[in-house]
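Asker: From the sequence below, what's the structure:
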Amino acid sequence: MRTSLLIIGSTFIGLAAIFHAYIFILESVKWLTPKTWKAFGLPSQEHAEIIRPMAFNQGFYNLFLALGAAAGLALLCIDTTVGYTLIFFAAACMTGAGVVLFFSVKTSRPAAFMQAGPPLVGAVLTLMGLAS
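Answerer: Numbers count the residues shown, from 1 in each chain. This is a model prediction of the structure:
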């Protein structure tokens, strides 16, 4: 086991959790502010209000993924099997959602990389650390 790879991998998982918690805030708390809905490419406040229920739900999806990753990191101190299981599950879900976003919304490809990149890198580095 290579501790340095596990630490770096865990750092990327932590960054992914922070990113998903931030997206929760945007989608579920600050959705109706012009700065937020413009960042998501919406043309007007009216559009933001129409999409609000979907964004609210999607924000909580992001929060639950962030909590899963954070819980996995915290549980590494108590039970590594449970901790790594949660980390890999949350990272796989985050990465999968980013891949779906990449292929379904061409204008959101930079966001897709932000969503999928850190958890994918974190999972790969963690697996390498566990395997060595």
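
Asker: Which stretches in this protein count as strands?
Answerer: Counting by DSSP state E, the chain forms no strands at all.

Asker: Let me know the outermost residue of the protein.
Answerer: The centre of the chain is farthest from one residue, E46, which by Cα atoms, centre = their mean lies 27.6 Å away.

Asker: show me what contacts the nearest residue to C77 once chain neighbours are set aside?
Answerer: Spatial nearest neighbour of C77, chain neighbours left out: G83 (7.7 Å); criterion: Cβ to Cβ, 6 or more residues apart in numbering. Backbone N, C-alpha and C define where each C-beta goes, glycine included. Shown in contact with G83 (Cβ atoms under 8 Å, 6 or more residues apart in numbering): 72-77.

Asker: Please name the residues that touch the residue nearest the centre of the chain.
Answerer: Centroid-nearest residue in the chain, with Cα atoms, centre = their mean: H20, separated by 3.9 Å. By Cβ under 8 Å, 6+ apart, the residues touching H20 are 62-63, 65-66, 69, 94, 115.

Asker: repeat that for 10 Å
Answerer: 59, 61-70, 90, 93-94, 97, 115, 118-119 (Cβ atoms under 10 Å, 6 or more residues apart in numbering).

Asker: Then Y61?
Answerer: 20, 23-24, 27-28, 93, 97.

Asker: Can you tell me which of those residues are classed as buried?
Answerer: Using 16 or more other Cβ atoms under 10 Å as the burial test, the contacts of Y61 include 20, 23-24, 27-28, 93, 97 as buried.

Asker: Just give me the closest of the residues you listed to R2.
Answerer: Set against R2, the nearest of the buried ones among the contacts of Y61 by Cβ to Cβ is C93 (25.4 Å).

Asker: Now do the contacts for the closest residue to the closest one other than its chain neighbours.
Answerer: Of all residues not flanking C93 in the chain, L65 sits nearest, at 5.6 Å (Cβ to Cβ, 6+ apart). Residues in contact with L65, defined by Cβ under 10 Å, 6+ apart, are 16-17, 19-21, 23-24, 89-91, 93-94, 97, 115, 119.

Asker: With V82 instead?
Answerer: 71-72, 75-76.
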